[in-house]
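Peer 1: generate a structure from the sequence data that follows.
(one chain, ligands or ions: 1)
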Amino acid sequence: MLQLITALAAAYSVATGRLPASAVRGAPTARRVAPSTRMALPIDLKGKTAFVAGVADSTGYGWAIAKALAEAGATITVGTWPPVLGIFQKSLATGKFDDDMVLSDGSKMMIEKVYPLDATFDAPADVPDDVKNNKRYAGTSSYTISEVAKAVGADYGKIDILVHSLANGPEVTKPLLQTSRKGYMAATSASAYSFVSLLQHFGPIMNKGGAAVSLTYIASERVIPGYGGGMSSAKAALESDTRTLAYEAGRAYEISVNTISAGALKSRAASAIGEKGEKTFIEYAIDYAKANAPLAKDLGSDDVGAVAAFLCSPLAGAVTGVTLYVDNGLHAMGLAMDSKAMERP
Ligand SMILES: NC(=O)c1ccc[n+]([C@@H]2O[C@H](COP(=O)([O-])OP(=O)(O)OC[C@H]3O[C@@H](n4cnc5c(N)ncnc54)[C@H](O)[C@@H]3O)[C@@H](O)[C@H]2O)c1
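Peer 2: Purely as a prediction, here's the structure:
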């Protein structure tokens, strides 16, 4: 802290040409505070309401973000894809996630409300009959983005935090060169446009000073073989849209818009990339990261949860339009340190 104050004072004097007060003889210098008596810098989200889109179990980033926001005192609501809504609600009701819900003070994270959400549809007229009549959607209704925003607005008035933690690419296992137009468009619709639509519909029910955060992946800007089906393109769109939406939603609603480029995590969605019985894409990606990242340690979903909570807090009130890497630094590497080509005789 002392260095920070000194650096700020120096920057001030350079910028203004004036000497900082501490440089004047006899002026009081920055007071050293013993570490034990220093005030903590808390992430305080008490009184804030969050909607986290893309939570269906406790293994993914959406769950970890919801938990970190709850840890900071926010009220948590989530949006869950209809095909997995039943199993998620049953698991919640039967206590399957109880251990994963324990917060640091011993209390349990409360998910106040679970809304069915299919982020590929904006309004009821968009839902085709084969989806309406699909048994995976049986018993659910009002799951399009505009309907969910309306329901959240009716239940909570305004909210403060919007999290987009969802992606879907039906042809993700196919290389881009073999991806169909339909598969490519589906990946972009579910994984990128969904964020645009969420902001369109939730923007009007967000408080000034609010925050929107999404999750992206390094395949948007570097070649990651195995992350196919147009998912790399969808993530590139998501990152570009983050900048444009930061400006547009910043001016329209005075909210921040950021995306976290997260490292590899063995979530349910990521585990689905690959063939059954074989080492999966995500298992390779995790091993690679540990062997090559500057910080050679496991990446936990809570690492991303904590950064998301920061981005949604007043502490990050001047941060918007950013793609923030939370990947143990892997994005910074230009060489694979465990490559055979790097072996020395
Ligand atoms: N797991 C990783 O290694 C990794 C790395 C970087 C970024 N991400 C991103 O993190 C986000 C969360 O993914 P995750 O890996 O934690 O897995 P996850 O399985 O926890 O989350 C994905 C969620 O998307 C939901 N979903 C799919 N299609 C949907 C739709 N049409 N409408 C609404 N919800 C839908 C799924 O039901 C699931 O709950 C995604 O954007 C993903 O691309 C993941």
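Peer 1: for the stretch 1-150 of the chain, which segments count as strands?
Peer 2: Secondary structure of the stretch 1-150 of the chain (DSSP state E, counting those that start in this stretch): strands at 49-53, 75-80, 111-116.
Peer 1: burial count for the closest residue to P42 other than its chain neighbours?
Peer 2: Closest residue in space to P42, ignoring its immediate chain neighbours: A72 at 7.9 Å, by CB to CB, 6 or more residues apart in numbering. Placement of C-beta: from N, CA and C, glycine included. Counted with other CB atoms under 10 Å, the burial measure for A72 works out to 21 neighbours.
Peer 1: which residues touch A72?
Peer 2: Remark: with contacts taken as CB atoms under 8 Å, 6 or more residues apart in numbering, A72 is in contact with P42, I43, D44, L45, K46, A309, S313.
Peer 1: between these, which has the most around it?
Peer 2: A309 (28 neighbours).
Peer 1: tell me the spacing between it and G228.
Peer 2: Distance, A309 to G228, by CB to CB, to the nearest Å: 32 Å.
Peer 1: and if you look at A219?
Peer 2: Relative to G228, A219 is positioned 9 Å away (CB to CB).
Peer 1: local confidence estimate at A40?
Peer 2: The confidence metric pLDDT takes the value 81 at A40.
Peer 1: how big is the angle separating the longest strand anywhere in the chain from strand 49-53?
Peer 2: Assignment by DSSP state E gives strand 206-216 as the longest strand of the chain. Orientation note: strand 206-216 sits at an angle of 30 degrees relative to strand 49-53 (axes from the mean of the first three to the mean of the last three CA atoms, to 10 degrees).
Peer 1: T323 bridge partners, please.
Peer 2: T259 (DSSP bridges).
Peer 1: wouldn't it be in contact with D241 here?
Peer 2: No. The pair T323 / D241 is not scored as a contact, 11.0 Å apart, by CB atoms under 8 Å.
Peer 1: show me where this structure has helices.
Peer 2: Listed in chain order, the helices of the chain (DSSP state H) span 2-16, 61-71, 82-93, 129-132, 145-156, 181-188, 194-202, 231-253, 268-271, 281-292, 301-311.
Peer 1: got a list of what V131 touches?
Peer 2: V131 touches D118, F121, Y137, counting by CB under 8 Å, 6+ apart.
Peer 1: just the closest of the residues you listed to the ligand, please.
Peer 2: Looking at those and their distance to the ligand, the nearest is D118, at 4.6 Å (CB to the nearest ligand atom).
Peer 1: measure the closest one to V148 for me?
Peer 2: If you measure D118 against V148 using CB to CB, the figure is 9 Å.
Peer 1: hmm, back to that, format the contacts of A72 as TSV; extra columns: distance to G300.
Peer 2: TSV is the format used below for the contacts of A72 (distance: CB to CB, whole Å):
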residue	distance to G300
P42	21
I43	17
D44	23
L45	20
K46	25
A309	14
S313	20
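Peer 1: what about the residue in the stretch 1-150 of the chain that the ligand sits nearest to, how many neighbours?
Peer 2: The ligand sits closest to G60 of the stretch 1-150 of the chain, with a gap of 1.7 Å, by CB to the nearest ligand atom. When counting by other CB under 10 Å, one arrives at 23 neighbours for G60.
Peer 1: wait, doesn't it sit right on G54?
Peer 2: Yes. The pair G60 and G54 qualifies as a contact (CB under 8 Å) at a distance of 7.3 Å.
Peer 1: quick one on the thing from earlier: now the residue of the stretch 1-150 of the chain closest to the ligand: closest residue in space that isn't a chain neighbour?
Peer 2: If you skip the residues right next to it in sequence, G60 has S267 as its closest partner in space, 3.9 Å away by CB to CB, 6+ apart.
Peer 1: can you pull the contacts of that neighbour?
Peer 2: Taking CB under 8 Å, 6+ apart as the definition of contact, the neighbours of S267 are T59, G60, Y61, I282, S301.
Peer 1: let's see that with 10 Å instead.
Peer 2: S267 makes contact with A56, D57, S58, T59, G60, Y61, G62, W63, A64, S165, I282, S301, according to CB atoms under 10 Å, 6 or more residues apart in numbering.
Peer 1: thank you, goodbye.
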